[in-house]
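Peer 1: here is my input; please provide its structure:
(one chain, ligands or ions: 1)
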Amino acid sequence: MGIPEPSTPAGRAGLAALLAEPRSAVVALDFDGTLAPIVADPDSARADPAAVAALEALAPLLGAVVVVTGRPAAVAVEYGGFAGLDRFTVLGQYGAERWEGGVLTSPPPPAGVAAAREQLPSVLAESGAPEGTWTEDKGRALAVHTRRTADPQGALEQLRAPLEQLAAANGLMVEPGRYVLELRPPGVDKGGALTAFLAEREPGPVLYAGDDLGDLPAYAALERRRAAGHPALLVCSSATTGEAQVTELADRADLLVPGPAGVAELLGALAARL
Ligand SMILES: O=P(O)(O)OC[C@H]1O[C@H](O[C@H]2O[C@H](CO)[C@@H](O)[C@H](O)[C@H]2O)[C@H](O)[C@@H](O)[C@@H]1O
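Peer 2: Predicted structure coming up:
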């Protein structure tokens, strides 16, 4: 398969720059929905093996590969099978954590997370959280998932206000995602994490691929770089699980690919060309 053509002039320029100067390029990727297919049980998510194989081939040819994810960095490394990859960094928990060369940096969670953890079960019970509502405890964040309820979108709307109140009472924010509301510390996002990483590397072209609302700040960071004359390619991994597309992301993308399989194909095609 060849490399699909971006639909925007800026995206075509970003791709051309990446192909012309790969050693200075950075490829940045979200994890769930981009490298790993969406599944009902978050603990069962694993990176598409074709994507991992493509990254193995691609990473040595590039300046750097970085995964920017809401997952704890160590979980992304494990579920992604990234431990042996070269020139590879994981920025976890929206940039609060970093894994690189086998070393994990993870600051302690703020006190508000422990308080929210204690209060969450009663808040869920009082708000009538439907059967199938499930909490993922990520240490410095609590993700309330509704994918396994009978009406995932309805459940999300039902829980939004009570979870926003709980977050605000404990100095946290709510990060919305695909059938999930995450209570997490404010002050970091994927845009800040990516910008700080790029400032360390001073790269040429940057490709970013994501699938969800949490990826919008990373898109914004690359749009700002682009406005300053640095080429970039914004890729959207479209939803392939029957749920609504994240149009805020798809509308700003230079290139849409069909889910993690499409991302894997794109990475494989880039590796083959380079
Ligand atoms: O930034 P990401 O790498 O995209 O992580 C965002 C959240 O993804 C996970 O939840 C999502 O994927 C699950 C597994 O496919 C799915 O069941 C769930 O509905 C999705 O919202 C993960 O569980 C969260 O911790 C991440 O923050």
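Peer 1: would you list every one of the strands in the stretch 1-150 of the chain?
Peer 2: Taking DSSP state E, counting those that start in this stretch, the strands of the stretch 1-150 of the chain run over residues 26-29, 64-68, 88-92, 97-100, 103-105, 134-137, 142-145.
Peer 1: any idea of the angle the third one forms with strand 64-68?
Peer 2: If I follow you right, that is strand 88-92. Angular relation of strand 88-92 and strand 64-68 on a 0 to 180 degree scale: 20 degrees, by axes from the mean of the first three to the mean of the last three CA atoms, to 10 degrees.
Peer 1: so strand 88-92, near the ligand or not?
Peer 2: No: on the criterion CB under 6 Å from any ligand atom, strand 88-92 is out of touch with the ligand, staying 8.8 Å away. For glycine as for every other residue, the C-beta is placed from the backbone atoms N, C-alpha and C.
Peer 1: so what's the residue in the chain that the ligand sits nearest to up against?
Peer 2: Across the chain, the shortest distance to the ligand (CB to the nearest ligand atom) belongs to residue 70, at 2.6 Å. Going by CB atoms under 8 Å, 6 or more residues apart in numbering, residue 70 touches 31, 32, 92, 93, 94, 141, 143, 175, 177, 182, 214.
Peer 1: please repeat the previous calculation with a cut-off of 6 Å.
Peer 2: Listed by CB atoms under 6 Å, 6 or more residues apart in numbering, the contact partners of residue 70 are 94, 214.
Peer 1: quick check: it vs residue 42, distance?
Peer 2: 10 Å (CB to CB, to the nearest Å).
Peer 1: swap in residue 147?
Peer 2: Separation of residue 147 from residue 42 (CB to CB): 9 Å.
Peer 1: what's the answer for residue 210, then?
Peer 2: Computed with CB to CB, the distance linking residue 210 and residue 42 is 17 Å.
Peer 1: can you give me the helices in the stretch 51-200 of the chain?
Peer 2: Listed in chain order, the helices found in the stretch 51-200 of the chain under DSSP state H, counting those that start in this stretch are 73-80, 111-126, 152-169, 190-201.
Peer 1: select, out of those helices, the one closest to residue 5.
Peer 2: Residue 5 sits nearest to helix 190-201 of all these, at 24.5 Å, using CB to CB.
Peer 1: quick check: next helix or strand after the closest one?
Peer 2: Where DSSP states H and E defines the elements, the next helix or strand beyond helix 190-201 is strand 206-210.
Peer 1: so what are the sheet partners of that next one and their directions?
Peer 2: strand 26-29 (parallel), strand 232-237 (parallel) (DSSP bridges).
Peer 1: now the ones you listed in JSON lines, with distance to residue 119?
Peer 2: Shown next, in JSON lines, are these (distance: least, CB to CB, whole Å):
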{"stretch": "strand 26-29", "distance to residue 119": "34"}
{"stretch": "strand 232-237", "distance to residue 119": "35"}
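Peer 1: export the helices of the stretch 51-200 of the chain to a markdown table and tack on mean pLDDT, mean neighbour count and distance to residue 226?
Peer 2: Shown next, in a markdown table, are these (pLDDT from 0 to 100; neighbours: other CB atoms under 10 Å; distance: least, CB to CB, whole Å):
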| stretch | mean pLDDT | mean neighbour count | distance to residue 226 |
| --- | --- | --- | --- |
| helix 73-80 | 98 | 21 | 27 |
| helix 111-126 | 97 | 14 | 35 |
| helix 152-169 | 98 | 17 | 33 |
| helix 190-201 | 97 | 18 | 12 |
